[in-house]
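S.K.: return atomic coordinates for the entry below.
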Amino acid sequence: MKRKTLWSWMLGGTFLLAVSSCETLSWNEEGKGALSIRMHRESAVVVKAEVPFVDYLIEIKDGGGSTVVSNKYSLIPDPVELEPGTYTVSALSEQMGVPAFEKPVYGSSVDVSIVAAVKNTLQMVCTQVNAGLRIVYNPEFSAQYTSYNVKVTGFDGTLTYQKDEQRTGYFAPGTLEIVLSADGETPVQIAKNVVARDMLVLTVFPSTQATGTSGLIELQLSVDTSRVWRREEWKPGTPANDGLTMATAYTVAEAQALGSASNVWVYGYIVGGDASNSSFKTAPPFTAASNLLIADSPVEERRASCMAIELPTSPASLRATFSMVANGSSLLGRRSWFRGNVENYFGYPGVRATKEGI
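M.R.: Numbers count the residues shown, from 1 in each chain. Predicted structure coming up:
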């Protein structure tokens, strides 16, 4: 399937942070309206590799999806004259390329209506659109091993954290495959799902050290909820999640690796419905109320990276809530948890005999 760009992902509605005001124009050239754009960054963010607003990329699309303006912020007229109608205005600090250290990317997207002889002033607040990951080695791990590194593979490439790396790496939202290599031993691997604004600090422990419960141990939000900081422990050889509770639910990648399991929790983003062995639908209308698909990324389009979730007729509340036929438009992109049996479903590992959905 066609791969989505960062622009199209932003237009899904994740970063609609803007304030608009209007004033009547003293002129009305050919019945046009006008739009003045003002740029801001979320207040709590400290940017190490700051891209000045004058270099932000601005794109304005009309209601039919055609691009009418595409340029750097500094090169766009102020105000921009536009025909009356509805437009989508997007801003991006830079195009998101391969994973890189200290490279946060900020953006915003909002719909605005243009009226003849009226000037709109749009205050766009840009938030982080990629996710950050920092690797920390527990002192006992560093004492036990002499040569080690972590390779992290995301949507657009791989970033290697050498043993003395202290910087934060930035990745496109989605599933990160994290591989630890130490002193020639067999590499160990886990998968972590990240979304925009996530700032994950992963601490690596030696496998012989008891660290308490694995997985999420701390969740901190800044005062203005600007970015989500997560601190997790990783003890190689111990699964990050066990699927026994919602708090330790398997990611889609982890559940697929299991192949089969009974009465476990799996979570992910709802990405479509009408599952088959080779495809699924990513947009309404849907025709099958008996299943939906989840993935570790909200923009996943590859069938092999998704899990089909069976929606049986009992309990009735499950299908009433999660039927893609009745509720598809509102369910797409929603992060959800399901409890059932991991087994073959439409040719891939899926969840059958589903008992609960949240």
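
S.K.: what is the burial count for Phe280?
M.R.: The number of residues packed near Phe280 is 23, by other CB atoms under 10 Å. Placement of C-beta: from N, CA and C, glycine included.

S.K.: immediately after the one helix or strand Phe141 maps to, which helix or strand?
M.R.: Using DSSP states H and E, Phe141 falls within helix 139-144. Next in sequence after helix 139-144, counting helices and strands by DSSP H and E, comes strand 148-154.

S.K.: OK, contacts around Asp156?
M.R.: Listed by CB atoms under 8 Å, 6 or more residues apart in numbering, the contact set of Asp156 reads 96-99, 171-172.

S.K.: His40 too?
M.R.: His40 makes contact with 123-126, according to CB under 8 Å, 6+ apart.

S.K.: related to what we said a few turns ago, are any of the contacts of Asp156 buried, and which?
M.R.: 96, 99, 171-172 (16 or more other CB atoms under 10 Å).

S.K.: in strands, which of these appear?
M.R.: Among those, DSSP state E puts Phe171 in strands.

S.K.: which one of the buried ones among the contacts of Asp156 sits closest to Leu159?
M.R.: For these, the residue nearest Leu159 by CB to CB is Pro99; the value is 4.1 Å.

S.K.: in which helix or strand does the closest residue to Leu331 other than its chain neighbours reside?
M.R.: In this structure, Leu331 finds its nearest non-sequential neighbour in Ile270, 4.9 Å apart by CB to CB, 6 or more residues apart in numbering. Using DSSP H and E, Ile270 falls within strand 261-273.

S.K.: could you pull out the helices for this protein?
M.R.: Assigned by DSSP state H, the helices in the chain fall at 6-10, 139-144, 252-258, 316-322, 324-331.

S.K.: show me what the closest residue to Gly63 other than its chain neighbours is bridged to.
M.R.: Distances taken as CB to CB, 6+ apart put Thr86 closest to Gly63, at 4.6 Å, once the chain neighbours are dropped. Note on Thr86: beta-bridge partners by DSSP bridges are Ser113.

S.K.: in the protein, which helix or strand is least confident?
M.R.: Counting by mean pLDDT, DSSP states H and E, the chain has its least confident helix or strand at strand 215-221, which shows a mean of 24.

S.K.: how far is stretch 276-295 from where the chain is centred?
M.R.: Chain-centre distance of stretch 276-295: 20 Å, with CA atoms, centre = their mean, to the nearest Å.

S.K.: which residues touch it?
M.R.: Residues contacting stretch 276-295 (CB under 8 Å, 6+ apart): 1, 252, 266-275, 301, 303, 305-312, 319, 322-326, 328-329, 331-332, 336, 338, 345-348.

S.K.: in the helix holding Phe141, which residues are buried?
M.R.: With burial defined by 16+ other CB under 10 Å, the residues of helix 139-144 counted as buried are 141, 144.

S.K.: ditto for stretch 94-110
M.R.: Taking 16+ other CB under 10 Å as the neighbour-count basis, stretch 94-110 is seen to contain the buried residues 94, 96, 99-101, 103-110.

S.K.: next: stretch 244-257.
M.R.: Buried residues in stretch 244-257, counted by 16+ other CB under 10 Å: 248-256.

S.K.: would you list those residues in a markdown table and tack on distance to Tyr137?
M.R.: Converted to a markdown table, these look like this (distance: CB to CB, whole Å):
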| residue | distance to Tyr137 |
| --- | --- |
| Thr248 | 24 |
| Ala249 | 27 |
| Tyr250 | 26 |
| Thr251 | 23 |
| Val252 | 28 |
| Ala253 | 24 |
| Glu254 | 23 |
| Ala255 | 28 |
| Gln256 | 29 |
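
S.K.: start and end of stretch 250-262, how far apart?
M.R.: 12 Å (CA to CA, to the nearest Å).

S.K.: ugh, wrong one, I meant stretch 265-285
M.R.: End-to-end distance of stretch 265-285: 28 Å, with CA to CA as the criterion.

S.K.: how long is stretch 140-149 end to end?
M.R.: With CA to CA as the measure, stretch 140-149 spans 15 Å from end to end.

S.K.: can you tell me what sits against that stretch?
M.R.: By CB under 8 Å, 6+ apart, the surrounding residues in contact with stretch 140-149 are 137, 160-163, 180-184, 204-206, 208-209.

S.K.: chain neighbours aside, what residue packs nearest to the residue nearest the centre of the chain?
M.R.: By CA atoms, centre = their mean, the chain has its centre lying nearest to Val195, at 3.0 Å. Counting by CB to CB, 6+ apart, Pro173 is the residue found nearest to Val195 once chain neighbours are left out, at 5.0 Å.

S.K.: what's the pLDDT at the residue nearest to Gly63?
M.R.: As predicted, Thr86 sits at a pLDDT of 94.

S.K.: and if you look at Pro79?
M.R.: As predicted, Pro79 sits at a pLDDT of 91.

S.K.: pretty sure it sits against Ala34.
M.R.: Yes - taking contacts as CB atoms under 8 Å, Pro79 lies within contact range of Ala34: 3.8 Å.

S.K.: overlap in contacts, those two.
M.R.: By CB under 8 Å, 6+ apart, Pro79 and Ala34 have these common neighbours: Lys119.
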